[in-house]
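A.B. asks: Predicted model and sequence below, questions to follow.
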Amino acid sequence: MDLLVTLLPAIAVAAATDAKGMAALAAGLAIGIGACGSALGMGIAAGKAVDAGARQPEIFGKIQALLLTAIVFIESVAIYSLVVALLLIFTV
């Protein structure tokens, strides 16, 4: 983490000299933050589904169907951030 804190300002200064570098930095941050948020959301949802399935195993099929639906919606955040990152890279 300390390495990231040390290198990020240097990368930003180097990237600020041209638009392509700044777009690459923004694209990396976009996909990184989007993927981390999506992974965190999926982990929390899966944990809650396992807890609910352990409490009421007779309705685990319904819980699993709801979990898969929720994961699809959560994963769309990562896909949208990937699209934004690709747009940043290829339109600048």
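C.D. replies: Now that the structure is in, tell me what you want to look at.

A.B. asks: Against Gly41, how distant is the residue sitting furthest away from the middle of the chain?
C.D. replies: In the chain, Glu58 marks the outermost C-alpha relative to the chain mean, sitting 32.8 Å out by Cα atoms, centre = their mean. Applying Cβ to Cβ, to the nearest Å, the value for Glu58 to Gly41 is 27 Å. Heads up, the C-betas are built off the backbone N, CA and C, glycines and all.

A.B. asks: could you list every residue that touches Ala85?
C.D. replies: Applying Cβ atoms under 8 Å, 6 or more residues apart in numbering, we find Ala85 in contact with 27-28, 30-31, 34.

A.B. asks: pLDDT for the residues you listed - can I get that in a markdown table?
C.D. replies: Output for the contacts of Ala85, formatted as a markdown table (pLDDT from 0 to 100):
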| residue | pLDDT |
| --- | --- |
| Ala27 | 90 |
| Gly28 | 90 |
| Ala30 | 90 |
| Ile31 | 92 |
| Gly34 | 90 |
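
A.B. asks: Redo those as CSV? Include distance to Ala49 and secondary structure.
C.D. replies: Output for the contacts of Ala85, formatted as CSV (distance: Cβ to Cβ, whole Å; DSSP: H, G, I helix; E, B strand; the rest coil):
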residue, distance to Ala49, secondary structure
Ala27, 32, helix
Gly28, 32, helix
Ala30, 28, helix
Ile31, 26, helix
Gly34, 22, helix
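
A.B. asks: which one of those is nearest Leu88?
C.D. replies: Nearest to Leu88 out of the contacts of Ala85 is Ala27 (Cβ to Cβ; 4.2 Å).
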